[in-house]
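Visitor: below is the sequence, then the predicted model.
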Amino acid sequence: MIPAMEVMSHSSSFLLPADEASAKRYALIVLNQNLPRFTPLLWEHAKLRLCADGGANRIYDELPLFFPREDALLIRNRYKPDVIKGDMDSIRPDVLHFYLSLGTKVIDESHDQDTTDLDKCILFIRDSPLNQESSKLQILATGALGGRFDHEAGNLNVLYRYPDTKITLLSDDCLIQLLPKIHRHEIHIQPSLLGPHCGLIPIGAPSAKTTTTGLQWDLTDTEMRFGGLVSTSNLVKGEKITVESDSDLLWTIPIKKQDPNKTLRSG
Ligand SMILES: Nc1ncnc2c1ncn2[C@@H]1O[C@H](COP(=O)(O)OP(=O)(O)OP(=O)(O)O)[C@@H](O)[C@H]1O
Ligand SMILES: Cc1ncc(C[n+]2csc(CCO)c2C)c(N)n1
């Protein structure tokens, strides 16, 4: 008998205030781009907080700006990364010394010029004792999109390098996740936070057959490939979407800007 394909469930409860989110087991990686407006919320509930090389400059420079009435030094002391890892060509010396003095673990891998700082941080999380087989950490990476296209492509590539790890790439505007072909996928949408537009994109390889439910333009055993059809500017119809495909696909959906006090506040 052919075993039934396991369902993989996706939710964005990490964008909800603490009291509304159920399971929040994730590690946060801050990349070297502008911090999204919901960074303090993600930081406060992360089990592990990493900065990829120059990402540490962003925490140092930009986190105090979220709290204009508070003393910048107090904020920097409160938002201390657990780990700074990378090839260390972008972190400023003053920032490095500041976090070393607070006790942050700094891992200099300048000898490795073949993998990105994001790769290096993902390997740290995978090997961490906090990441247990019975209860794996999801990974959220801020600042992964918008900006230099070579970096964006490198960031997308890590989704394909570690398909067994749930990784969400985030910017201020949207999120991207990989939907591995070995699973059927159930994506749960909080309409107040996400949508309504969305995309299903066969970046790594063409798909001969993809089937979805819950979208305005559902696919039924439909072929998708670059040079042919890729599903962009689709629309989510309800709160649950299902996807099944013979290829790994990227799922992307915008993060809504309105109602910031109600939805994307720390809590
Ligand atoms: N403009 C960008 N767009 C998307 N991701 C970025 C961008 N800049 C940096 N990143 C991400 O942040 C990580 C750390 O950035 P950092 O600037 O320290 O990298 P870097 O290795 O010094 O880059 P490079 O030497 O190519 O300028 C990168 O590995 C990448 O994942
Ligand atoms: C074919 C090839 N292209 C580019 C690089 C350069 N590179 C890739 S990742 C990285 C580290 C960035 O922190 C650097 C410098 C390489 N090694 N091999």
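Guide: Sure, I can see it. Ligands and ions are numbered 1, 2, ... in the order given.
Visitor: give me the residue from the stretch 101-250 of the chain nearest ligand 1.
Guide: Scanning the stretch 101-250 of the chain for the residue nearest ligand 1 gives residue 147, at 2.6 Å (criterion: C-beta to the nearest ligand atom). C-beta: built from backbone N, CA, C; applies to glycine.
Visitor: how about the helices in the stretch 151-267 of the chain?
Guide: Along the stretch 151-267 of the chain, counting by DSSP state H, counting those that start in this stretch, helices occupy 260-263.
Visitor: could you tell me which residues of it lie near ligand 1?
Guide: Residues of the stretch 151-267 of the chain lying close to ligand 1 (C-beta under 6 Å from any ligand atom) are 151-152, 154-155.
Visitor: that older thread, so how many other residues sit close to the residue of the stretch 101-250 of the chain closest to ligand 1?
Guide: Residue 147: 15 surrounding residues under other C-beta atoms under 10 Å.
Visitor: tell me the most packed of the residues of the stretch 151-267 of the chain next to ligand 1, by neighbour count.
Guide: residue 155 (21 neighbours).
Visitor: lowest-confidence helix or strand of this protein?
Guide: Least confident helix or strand, the chain: helix 260-263 with a mean of 50, by mean pLDDT, DSSP states H and E.
Visitor: for residue 5, list the residues it contacts.
Guide: 182-184, 244 (C-beta atoms under 8 Å, 6 or more residues apart in numbering).
Visitor: weed out the non-buried ones from those residues.
Guide: For these, a burial check counting by 16 or more other C-beta atoms under 10 Å picks out 183-184, 244.
Visitor: a markdown table for the residues you listed, including distance to ligand 2?
Guide: Shown next, in a markdown table, are the buried ones among the contacts of residue 5 (distance: C-beta to the nearest ligand atom, whole Å):
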| residue | distance to ligand 2 |
| --- | --- |
| 183 | 29 |
| 184 | 34 |
| 244 | 34 |
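Visitor: let me have those residues in a markdown table, extended by distance to residue 166.
Guide: Formatted as a markdown table, those follow (distance: C-beta to C-beta, whole Å):
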| residue | distance to residue 166 |
| --- | --- |
| 183 | 11 |
| 184 | 15 |
| 244 | 18 |
